[in-house]
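In: Build me a model from this:
(2 chains)
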Amino acid sequence: MNHNLMLTWVSERGNGSWVGFREAHEWLSSASDGVTGSHASTTARMLSMLGYMEIDWHERRWAVAPTVLTMLPEAGGYALLAGCRTRPLMKRVREIVDGTQSLIVEVREQANAPSTVFIGCENEDDVAWLASELGVAFVSSVSDQLSGLLPSLLAYLRASPPSPAPRGAESVRFDAHTLRWRDATDHDAPGLYRFEVYGRPEYRWRSGALLAYDVDYPVGIYLELSRQKVAVLEHGSDGRTGTLRCPVGAPMPTLHARAAALCNGMAPRRENGMDVFVNVPELIARRIASSLSQTLKPIDDRRPALGRRDSQRWRR
Amino acid sequence: MGDNGGHNEHPNSSGTRPPTTYEQWAALIAEHFFRPENDGIPIVLYVDDEIVAAIAGSQGVANAVHSLISAVRSRLHINSANMFSRIRVEALDWSARGKREVPPFTPAIALATLAAARMAAEGEMRSTNYYRRFWELLGLSGSGAPPGYGDTFPLLWRYLIEWLDDVHRGHLGRSTIAQGSWPFIGYSLSQTVMKRSDHDRLGELFDAMDLVPGDTEVNGEELLVAYQWWAPRGPLSSAARHAAARPECAPQLQAILSTEFRLWDGNTVDEHGNRLASVHLAMELSPIEMFLIAARPRGFPATLGVASDDGAHTTLRSTIDGWYDPLDGSITEALTSGLLLQASGFTFRLAPADLIILRQDMGVGAWVSVREVQPYTTHCALVRDRLLDKVRAYLTRYAESGWQLTAPSRRLPAGWTLIKGIAVSEPPDASVGDELAALVPAVKGRVALAGGLPMPSLIAGSHNWYLLGGEPDVWVPRWSSAGPAITVSVDTGVVGSLVAGGRLRLAGHALLPGPHEVTVGSSRRHFLTVAPPAEQAANGEGQLAHRLYRSRDGFTLAPPLSKENASVVGHQVWVTGALVSARDDDLPPPPAEVIRLRRGAAEYRLIGAVQGQVLLPTPGREPAWLRDPSVRLQANFFDAVATFPVVWAMWRWRSTGWSVRLINPLEPVVSANNARAGDDLSSVWSASFDIDARSKEDARELWSRYAAAARRSR
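Out: Have a look, this model is predicted:
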């Protein structure tokens, strides 16, 4: 799918309904451009994670986020252009940067996300000046700032309305140990449930008390992981920075994922069933894990690959 | 209506006596067809037995027809070389007077049309058949053209055309009279392509095309093509079906269809004139539960007593918009034999089918049967077992992966299988039989623009705006062409061709911004492409945000006034994308300042304002992710973070010596306490200002003051 065109449309349209987003996504996915398609919700979460747009799943609306230039931590002197990215804006960025000695634009394509626009600089002031010329916001380090205000799981739960299970909808229950969904015959036991209602799935988390809470998908996942005391987030240091790994089956809530993704501005790599966020300093990783009631595990490099041959090699 | 200007009401029902004379018939026929409310509308002078009776206003069909015949016969010279000479002379006379009055010859025209209608109703369209019926109507024996027919009737029809279109300039209705391929009788045939009852059923065609009343997108040509496909399958008379297949009838059909569509109120009616609505199958999946629901089109009462064809009575009640509540009755029987419910003026129908497509309906809150699959949308299908293999073969070839047969269930009707997760987004590349037609994706029942990247309209009332590069696709319904392929043009250039039931992408054809016209056969569609100008801010940018509040134990999402969150101590913090907006007090403390230093120097120093504030950073190795093949960024700098406010960043190149950069212009602070705090670092701090470092001019004065302070500290 052409994610760049998707982002251009999101940027130039500005806002719209979820149905409209899904239709635009389906149209782009069906294009015979040789790039594999994906689910609209996956793309929306990815665009949101990278700070390009916000989605209100309950109101079923989306809106592009403001354009922001931010320095990346431990990134060799590169800033990131995040948020609204219209074609006129990109043209203006190139015009301004071409007229300076101290800035350079580096665009890196990605398979499952819009290209990342890096701005190479000699110092932060040059990027702040560029932001001022463009009339957009400049933030010293958005990943650090975001990671400092992540709400806890309890805060999410307090904001989730108690809500009974939808009637007549197919349901599955989340298994915190395998991170898979299994058929559910009833919804009375504690756990996280997904209901296939009309238009989109709905999630209910039941802690054991009488009440079930209407939660977002990732919040529900981490509530259940916390209830079952299952740690899934891994971090490994690489000099001054590091790598945060999160299972594909346990995606982080938007703000948490965004704090990790905006450490390098690129979509997480997918390896062995894990989303790999690179260039995440340990401090940021710890803040993310802590707010999700997770204990960071060291990265287990002996993890078997998903492929059968790799798995056998690992056993030997 | 176009053929009689309002045939539901007898124009002669106001108490006047039934017509008996030729003149009376002429006046009533003119009153029936040529009316001011038909201004500009194509009219068809369709005359069959029923319409003759309607014009007469009473006395029954046979008597009315007999009366008309008698009136016409009163003008005939049966044994003359031109038996219509008197009618002809009156017409010439009328013409010579300027054609100002109502044409005097309309009874003769009506009789000629009646003969054509009778022939059309029985099939064989041949001139000999026509003349035979004409002779029969006159009650005379004869064959071939009656004497004088060729001299008279073409003249009468031409006069009528002139009277409508030239003298009255279409104010009483525009002529649809055409000679066609038969020199003499073509005029009559041209007005008999459809019976009155056929007109009534055209709502079903418009409904099948997904038209709505007042739609300006569709034209007569397109309606005709759709009609020609639909007529053999539609609930029409044999006359109308035959006419649909006759090219010479095309102008008349097109005129009728245009008129009827213009007058259409959105309703469909059955053969008895009852308003028609459909009955649908609806289904919940967990657990499987099936029920029947009747649609409630606009204008249908909220409560309606109906009777089924076996005489059972029930009451339909509507508690949600557009639908009546679920019906009682056997699902299996309804699916097998269909269902018919009738009330006074209303009919509800479910047609039996072997393949039923269901789509989620938010209003009903269940999966509801639909005519066909829509691209990009998930459906279920209930398939009768005898069709199952064909459906599976089709889905294997054309559907996206993920569809699956559900396990047999007692909750499903015997002999049927439920398939879930069906999404067919691409049209099939080969023709598909009618039995699988419901699986051919269609966005509308007519040529349609769909997909693309739509933009908000910049002009009120206009629509079909798209982002430049995100132009819509053209979808063509199955009826659009019987031939191999249809050419698709945008503006003046051909952009491709497609088969009926296909799709063509317009994106990628390097269209310029602005309005465009797409031509597919007889259909024309319009759209605009836009490239927003640089100065235009995205509409709605930053409109959505995560709203957080600082609380005693971190940040929370609940609003401060909620009882669940009495611990809130700060104001709202907005997070939208990468931007955080809040009062400084409500934000976490800012991180330590990061100084970015160019790699490759021999040594580095970060110096603070206070003596002893020195950091000697080292670059470390380059972050690995920058060297990743998908990134490949040159790490020219590295981050250094000091625990004090940095005033000077210094680095020494092996070749050129020291350089210095002013970071924060703070004045030096030197005291004995500072010196004692760390002798080594204090020495480095002081010694740093002995260096003749290269710096920018605006930093030199401050550098001099630091050098002086360093000297004083020794």
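In: what's the closest non-adjacent residue to whichever residue of the stretch 1-150 of chain A sits closest to chain B?
Out: The stretch 1-150 of chain A approaches chain B most closely through residue A:65 (2.3 Å), counting by C-beta to the nearest C-beta. For every residue, glycine as well, the C-beta is placed using N, CA and C. Leaving aside its sequence neighbours, residue A:65 sits nearest to residue B:577 (C-beta to C-beta, 6 or more residues apart in numbering or on different chains; 2.3 Å).
In: go on, residue A:280?
Out: Nearest non-adjacent residue to residue A:280, counting by C-beta to C-beta, 6+ apart: residue A:244, 4.2 Å away.
In: Scan chain B for its longest strand.
Out: Determined from DSSP state E, the single longest strand within chain B is strand B:275-285.
In: quick one: contacts of the following helix or strand past it?
Out: Next in sequence after strand B:275-285, counting helices and strands by DSSP states H and E, comes strand B:288-294. Outside strand B:288-294, the residues that touch it by C-beta atoms under 8 Å, 6 or more residues apart in numbering or on different chains are A:168, B:277-283, B:316, B:323-327, B:329, B:331, B:334, B:339, B:341, B:348, B:350, B:364, B:366, B:368, B:406, B:409, B:411-413, B:418.
In: now the angle from strand B:288-294 to strand B:275-285?
Out: Put simply, strand B:288-294 runs at 170 degrees to strand B:275-285, going by axes from the mean of the first three to the mean of the last three C-alpha atoms, to 10 degrees.
In: residues in contact with residue B:111?
Out: B:68, B:69, B:72, B:134, B:137, B:138.
In: Throw together a PyMOL command that grabs the buried residues out of these.
Out: Buried members of the contacts of residue B:111, defined by 16 or more other C-beta atoms under 10 Å in any protein chain shown, are picked up in PyMOL with:
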select buried, chain B and resi 68+69+72+134+137+138
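In: follow-up on the earlier one: just the pLDDT at the residue nearest to residue A:280, thanks.
Out: Per-residue confidence (pLDDT) for residue A:244: 96.
In: what's the following helix or strand after the helix or strand where it lies?
Out: In this assignment (DSSP H and E), residue A:244 forms part of strand A:241-247. Remark: after strand A:241-247, the chain's next helix or strand is helix A:254-261, criterion DSSP H and E.
In: what sits up against stretch A:105-114?
Out: Counting contacts by C-beta under 8 Å, 6+ apart, the residues outside stretch A:105-114 that touch it are A:3-4, A:6-7, A:35, A:38, A:46-47, A:50, A:52, A:78, A:85, A:93-94, A:97, A:115-120, A:266-267, B:630-633.
In: Is there a quick PyMOL command that grabs whichever of the residues you listed are buried?
Out: Buried subset of those, written as a PyMOL selection, criterion 16+ other C-beta under 10 Å:
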select buried, (chain A and resi 3+4+6+7+46+47+50+52+78+85+93+97+116+117+118+119+120+266+267) or (chain B and resi 631+633)
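In: For chain A, what's its nearest residue on chain B.
Out: Going by C-beta to the nearest C-beta, chain A is nearest to residue B:577 of chain B, at 2.3 Å.
In: Show the contacting residues for the residue nearest to residue A:280.
Out: By C-beta under 8 Å, 6+ apart, the residues touching residue A:244 are A:233, A:234, A:235, A:260, A:276, A:277, A:280, A:285, A:288.
In: does chain B sit close to the helix or strand where the third one lies?
Out: Residue A:235 is part of strand A:234-238 when elements are defined by DSSP H and E. Yes: where contact is defined by C-beta under 8 Å from any C-beta of the partner chain, part of strand A:234-238 touches chain B, namely residue A:238.
In: Residue B:260 - nearest residue in space that isn't next to it in sequence?
Out: residue B:202 (4.7 Å).
In: Just give me the neighbour total for the one you found.
Out: By other C-beta atoms under 10 Å in any protein chain shown, the residues close to residue B:202 number 26.
In: and it, what pLDDT?
Out: You'll see residue B:202 listed with a pLDDT of 89.
In: right, and it touches residue B:257 too?
Out: Yes: at 7.0 Å, residue B:202 counts as touching residue B:257 under the criterion of C-beta atoms under 8 Å.
In: confidence score at residue 295?
Out: No chain specified, so I'll use chain A. Reported pLDDT at residue A:295 in the predicted model: 94.
In: nope, chain B please
Out: Note for residue B:295: predicted pLDDT of 94.
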